[in-house]
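Asker: Pasting the sequence and the predicted coordinates here, then a few questions.
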Amino acid sequence: MEIMMHALEHAFVDTLKLVPFLFVTYLAMEALEHHAGAASEAAVRKAGHAGPAIGALLGMVPQCGFSAAASTLYAARVVSLGTLFAVFLSTSDEMLPIFIAEQAPIALIVKVLAIKVVVGMVAGFAIDAVLHAMRRDKEHLRIHELCERDNCHCNGDCKACGSNPELAYDFEHDNEHDHDHEGGSIVKSALKHTAQVTLFIFLVTLALEVVMDSVGEDAIAAFMEGNPGLSVVAASLVGLIPNCAASVAITELYLDGTLGAGAVIGGLLVSAGVGLLVLFRTNRPLKDNLAILVLLLLVGIAVGGVLTLLGVVL
């Protein structure tokens, strides 16, 4: 009981200090997504062979719905598999807000983002090149199938898209009609997101405090140092959880000194947020989604493992 009360106190105080930073960060992110989200999605759709490069660069911008949009576009075969991977690997999910709230060094943030972008580009172009060599890169658009399966819920309140569902994905004819989707309150969205992530941070911090107080910080650090490969695999598996709690936990563990550079990079590369959920919801067949999941995990483990072997410090 004494350990629990001590952990609750520390978790509450540590989390409370982050709330103002989180809110300001999410307010800026919501404003960015509100004004630039559609432009980012359009850029990816029109990228063509340069898709992995554009996807990786735009993926690092903190737009929480971008990985979900990439999954939908891939399910309709509007973008390539390499572009989807580039977005998944570069997207920061909740990493950036946590780094900013914890006032992490700018150099650290830049290094992590740069690694994720480079890995996203390399993996994306490599996947597209392999598919091209196998002559499997020319798939027909699945826009109509996707719209039928989703009953056009993806079109929201857009009347033009409602009468012609394929317009939601047919960027070549965007100038023929106006999308009249209603935008929600930026402040309300920022408050909601801040509350959700604050809860996750509190729960993660509480769990860490209990473990640290029960097992001992030195014992955990010694275990991680003695099993660096295991920590990379564990962090990458956690990163697969399609929820912001995954990237929150991985980032917090790194900032606490529990995870090394290789482990945090491996876990954050795999953390595609809700993009994986949307992929499994929209894309068919299921075996393709499982293959994407496994390949994403392997990339995270491989990159994290190499960084660990090289002794890289961020």
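Answerer: Good, I have the coordinates. Numbers count the residues shown, from 1 in each chain.

Asker: residues touching the closest residue to residue 82 other than its chain neighbours, list them.
Answerer: Excluding the flanking residues, the one nearest residue 82 by C-beta to C-beta, 6 or more residues apart in numbering is residue 128, at 3.4 Å. In this view, the C-beta of every residue, glycine as well, is placed from N, C-alpha and C. Residue 128 is in contact with 49, 51, 52, 80, 81, 82, 83, 137, counting by C-beta atoms under 8 Å, 6 or more residues apart in numbering.

Asker: Quick check: which ranges of the stretch 1-150 of the chain have low pLDDT?
Answerer: Scanning the stretch 1-150 of the chain for pLDDT under 70 picks out 22, 25-26, 29-30, 32-48, 62-65, 137-150.

Asker: Helices of that one, start to end?
Answerer: Ranges of helices in the stretch 1-150 of the chain, per DSSP state H, counting those that start in this stretch, are 2-16, 19-45, 51-59, 66-75, 81-90, 95-101, 106-133, 143-150.

Asker: Using CSV, please lay out those helices together with distance to residue 309.
Answerer: Compiled in CSV, the helices of the stretch 1-150 of the chain are given as follows (distance: least, C-beta to C-beta, whole Å):
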stretch, distance to residue 309
helix 2-16, 33
helix 19-45, 34
helix 51-59, 24
helix 66-75, 29
helix 81-90, 20
helix 95-101, 23
helix 106-133, 15
helix 143-150, 42
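
Asker: tell me the SS of residue 242?
Answerer: Here residue 242 takes the coil state, with states given by DSSP: H, G, I helix; E, B strand; the rest coil.

Asker: number of nearby residues for the closest residue to residue 286 other than its chain neighbours?
Answerer: Nearest residue to residue 286 in three dimensions, chain neighbours excluded: residue 280, at 7.5 Å (C-beta to C-beta, 6+ apart). Close neighbours of residue 280, defined as other C-beta atoms under 10 Å, add up to 17.

Asker: how far away is residue 280 from residue 298?
Answerer: Here residue 280 is placed at a distance of 18 Å from residue 298 (C-beta to C-beta, to the nearest Å).

Asker: ok, now which ones touch the residue positioned nearest the centre of the chain?
Answerer: Compute the mean C-alpha point of the chain, and by C-alpha atoms, centre = their mean the closest residue is residue 272, 3.1 Å away. Counting by C-beta under 8 Å, 6+ apart, residue 272 touches 67, 87, 88, 89, 91, 93, 242, 296.

Asker: so how far is whichever strand or helix holds residue 307 off the chain centroid?
Answerer: According to DSSP states H and E, residue 307 maps onto helix 286-309. With C-alpha atoms, centre = their mean, to the nearest Å as the basis, helix 286-309 stands 14 Å off its chain's centre.

Asker: Stretch 125-138 now?
Answerer: 24 Å.

Asker: what do you get for stretch 68-81?
Answerer: Centroid separation between stretch 68-81 and its chain, computed with C-alpha atoms, centre = their mean, is 15 Å.

Asker: just stretch 72-82 next, same as before
Answerer: Mean-position distance between stretch 72-82 and its chain equals 17 Å (C-alpha atoms, centre = their mean).

Asker: What of stretch 57-75?
Answerer: Distance, stretch centre to chain centre, for stretch 57-75: 8 Å (C-alpha atoms, centre = their mean).
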